[in-house]
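>>> Okay, structure incoming, though there's no sequence with it:
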């Protein structure tokens, strides 16, 4: 007998939830433990129930599937993510979000079975995300950590300056620092920089200390509090 996979379904369309639920009932070893048409509620339920798999719609009002997947990744035991949507343009980017699979509606039983088998093959998989996820219009953008130079807090978002451009993400600066402290160094209360791309220190016309970063024209300000750690990092590089 196959190990039971506990499944959670999130879609803003109730008929879509019911259809997928019926299809999963025909898959040996799958148990739908919960459903939700509201992304915020789904996050609460997943934190409480710890499902093995979440089938997640991409386009939803309010918080979309990309934001939900990003929040789920912060859980101590994040579920495997399978995107289910009518929009084919997300297919390539979905795998950069560490999604196990990507299903285009209407989903066939055969394709669903393949997704479940993929999940079984990959479990248990424990790995740390090596990218941040942003939205550019209707496109999902995965930014490799190695390409990121500077991260700045701006209102409720974080502005990512990376090799190739800039993008806004939902992750807070504090959260990014907690997850990737080995990669990014705090130089100011609102700024992190790539440790691997530190170049040196300089002073502007006002006498404020700024840090030079390889690959970008930005020279973020360094606070007095963080200056010793920046100097230490430069000595070690």
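Looks like it arrived, so ask away. What you are looking at is a predicted structure, and each value in this text was computed from that prediction instead of being measured.

>>> What is the subsequent helix or strand relative to the one helix or strand residue 158 maps to?
If you go by DSSP states H and E, residue 158 is part of strand 157-162. Next along the chain after strand 157-162, taking DSSP H and E as the criterion, comes strand 165-169.

>>> Which neighbours in the sheet does that next one have, and how are they oriented?
strand 157-162 (antiparallel) (DSSP bridges).

>>> quick one on the thing from earlier: what's the spacing between the strand holding residue 158 and its chain's center?
Relative to the mean C-alpha coordinate of its chain, strand 157-162 is positioned 14 Å out (CA atoms, centre = their mean, to the nearest Å).

>>> And the contacts of stretch 158-170?
For stretch 158-170, the external contacting residues (CB atoms under 8 Å, 6 or more residues apart in numbering) are 67, 70-71, 132-136, 141, 143, 147-154, 156-157, 171-173, 176, 215-216, 218. Glycine gets a C-beta too; all of them are placed from N, C-alpha and C.

>>> Pull out the buried residues from that stretch.
Buried positions in stretch 158-170, judged by neighbour count with 16 or more other CB atoms under 10 Å: 158, 159, 160, 161, 162, 167, 169, 170.

>>> cool, stretch 56-74 as well?
Of all the residues in stretch 56-74, those buried under the rule 16+ other CB under 10 Å are 56-58, 60, 63-73.

>>> again, but for stretch 3-13
Within stretch 3-13, the residues scored as buried using 16+ other CB under 10 Å are 5, 6, 7, 8, 9, 10, 11, 12.

>>> Could you verify that the fourth one is part of a helix?
This means residue 8. No: Residue 8: not assigned to a helix; according to DSSP: H, G, I helix; E, B strand; the rest coil it is strand.

>>> can you give me the offset of stretch 156-170 from its chain's centre?
Relative to the chain's own centre, stretch 156-170 is displaced by 13 Å; criterion: CA atoms, centre = their mean.
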